[in-house]
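> Using only what follows, build the 3D model:
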Amino acid sequence: MERTVRKSWLNPVKGTWPGRKKAWVLLALLWVLCMIVAHWLECLIYPLRYEELILNSAEATGADPFLIMAVIRVESRFQLDRVSAAGAQGLMQLMPETMDWMIRRGGFSPALKEHIRDPAINIHMGAWYLAYLTKRYHGNKVAAIAAYNGGHNRVSRWLDQGVWDGTRQGAVRIPIKETREYVYRVSHYYQKYKECYQDLIKEQ
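Have a look, this model is predicted:
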């Protein structure tokens, strides 16, 4: 008797339950929604500024735009007026002597040095340098990252002498702690910015 009564109560409720197929569809939609929200929340942690200047400089120089973003994030956190204790300036923290070298090597106007902190010039020159380093190391972006921080002559010596193999996995063998940590940090942000802002490249 009790079982019959319970069944009579459950039958109307059962009628409101979605079928197994519908339940799987709802679960799938919920999972997709959760993934979208998680991606959106993660990208809030990696904000982007000056994207138009970055994309334009990347196109003009051949540099990887996500590498430019990652370097700016580590170097200045997108703070325009950042100046280091060593004298590095602007979004990409360019040293005056590095600017001198790029002006000579790239045939740029010496007047650019006077505007080293201008975001358009700073990003363009930093992008040119990243493109140069990437080409110098035959597309090895990890080696380019290390050279951006530690200097290309020093990094070339490490590679030639077998001190470091040029990989992120082998970065533990980089002799200078600052450069070693720089490689880890920029590589991390490179992946995050690539995941978050891939659509910016598709839109171009």
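> So, low pLDDT: which residues of this structure?
Across the chain, the ranges flagged by pLDDT under 70 are 1-19, 23-40, 202-204.
> That one - how does it break down into domains?
Following automatic domain parsing, one finds the domains of the chain at 2-45, 51-203.
> winner for burial among those?
domain 51-203 (a mean of 17; mean count of other Cβ atoms under 10 Å). Using the backbone N, CA and C atoms, a C-beta is placed for each residue, glycine as well.
> how about the helices in this protein?
For the chain, the helices defined by DSSP state H cover 2-16, 20-45, 51-61, 65-76, 96-106, 119-136, 141-150, 152-160, 177-203.
> Distance to residue 170 added to these, as JSON lines?
Converted to JSON lines, the helices of the chain look like this (distance: least, Cβ to Cβ, whole Å):
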{"stretch": "helix 2-16", "distance to residue 170": "60"}
{"stretch": "helix 20-45", "distance to residue 170": "28"}
{"stretch": "helix 51-61", "distance to residue 170": "27"}
{"stretch": "helix 65-76", "distance to residue 170": "19"}
{"stretch": "helix 96-106", "distance to residue 170": "26"}
{"stretch": "helix 119-136", "distance to residue 170": "18"}
{"stretch": "helix 141-150", "distance to residue 170": "9"}
{"stretch": "helix 152-160", "distance to residue 170": "10"}
{"stretch": "helix 177-203", "distance to residue 170": "10"}
